[in-house]
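Trainee: Using only what follows, build the 3D model:
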Amino acid sequence: MYLPWLENETIDDKANGLLNRLGRDDEIPIDIEMIIEDDLNIEIIPVTNMQQDLDIEGFTLANWSSIYIDEHVYTNCENRARATLAHEVGHFELHKDILNQAASDHGVHDKYSWMDFYNSMKDNIRQRFEYQGYTFAGMILVPTRYLTSLFLEVLPSTQDQISDAKAAKLRRKDYLDPVIENIAIKLVPQFEVSMSLLKRRIYNSGLEELIK
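Mentor: So this is what the prediction gives:
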């Protein structure tokens with residue numbers, strides 16, 4: 001299976017393009033379940049013990065009629081479930097044609113044949129496949145324009161923290177991550193995502209360069 005490299009900017013354009021096309025870019029938090037079920041007409045199906053049995057939290061079969069998600073994650077871990085669902089939307093938006101062909105070639109028709117196909121990927125292809133899905137998930141749940149606006153609102157509140165670090169003669173690389181974590185803590189409730197996802201979005205959007 002051939003999977004092209006995609007720049008982060010390209011993935012961001014795809015995520016923003018989907019939100020715009022569906023008319024879902026006017027408010028946050030992004031309602032990823034509504035996008036899946038109402039706009040894309042894909043059913044969300046919780047599966048008992050899927051993570052335990054298959055070591056995955058979610059997957060989508062080649063006919064794109066359903067997204068399967070671990071029932072425990074879906075029921076008990078809201079932010080994690082949102083990221084998992086957004087990740088699958090990423091595969092739908094970025095990899096649909098590639099996966100359709102691959103599934104046809106490999107006879108993918110259920111969760112077990114999906115896992116056989118997934119495990120047959122070369123390591124570098126699987127890593128790229130998942131990286132692109134994770135990156136898309138972050139970009140659709142934390143759209144760049146909202147992230148930039150809110151980051152700039154919160155940034156001044158970190159000046160005392162930055163000044164204290166500089167007074168202690170810390171290098172920027174030593175205080176950068178604590179400052180970003182401080183900002184992420186303030187923004188997590190607005191996006192309804194995990195701390196790790198929001199911090200990753202700050203870094204891959206380049207906003208950390210504004211912290212001096």
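
Trainee: Quick check: the residue lying farthest from the centre of the chain vs Leu61, distance?
Mentor: Distance from the C-alpha centroid of the chain peaks at Ala167, with 36.7 Å (CA atoms, centre = their mean). Distance, Ala167 to Leu61, by CB to CB, to the nearest Å: 57 Å. Any C-beta I mention is one placed from the backbone N, CA and C, and that applies to glycine too.

Trainee: Also Phe191?
Mentor: Using CB to CB, Phe191 is found at 29 Å from Leu61.

Trainee: how long is stretch 198-212 from one end to the other?
Mentor: 20 Å (CA to CA, to the nearest Å).

Trainee: hang on, the earlier thing: between Phe191 and Leu61, who's got more neighbours?
Mentor: Under the criterion of other CB atoms under 10 Å, the comparison of Phe191 against Leu61 puts Phe191 first, with 23 against 17.

Trainee: Grab the nearest non-local neighbour of the more buried one.
Mentor: Spatially, and ignoring its direct neighbours in sequence, Phe191 is nearest to Val142 (5.0 Å; CB to CB, 6 or more residues apart in numbering).

Trainee: I figured the one you found was touching Leu197, is that so?
Mentor: Yes. With contacts counted by CB atoms under 8 Å, Val142 reaches Leu197, the gap being 7.1 Å.

Trainee: For those two, indicate the residue with more neighbours.
Mentor: Set Val142 next to Leu197 and count neighbours by other CB under 10 Å: Val142 wins out with 27 against 21.

Trainee: Tell me the confidence at that one?
Mentor: What the model reports as pLDDT for Val142 is 98.

Trainee: who's in contact with it?
Mentor: The contact partners of Val142, by CB atoms under 8 Å, 6 or more residues apart in numbering, come to 191, 193, 197-198, 201.

Trainee: ok, it to Ile32 distance?
Mentor: Distance, Val142 to Ile32, using CB to CB: 12 Å.

Trainee: what number of residues lie near Leu207?
Mentor: Leu207 has 18 nearby residues by other CB under 10 Å.

Trainee: and it, what does it touch?
Mentor: Neighbouring residues of Leu207 by CB under 8 Å, 6+ apart: 147-148, 151.

Trainee: If we use 7 Å, what do you get?
Mentor: 148, 151 (CB atoms under 7 Å, 6 or more residues apart in numbering).

Trainee: now it: how far from Met139?
Mentor: To Met139, Leu207 is 13 Å away according to CB to CB.
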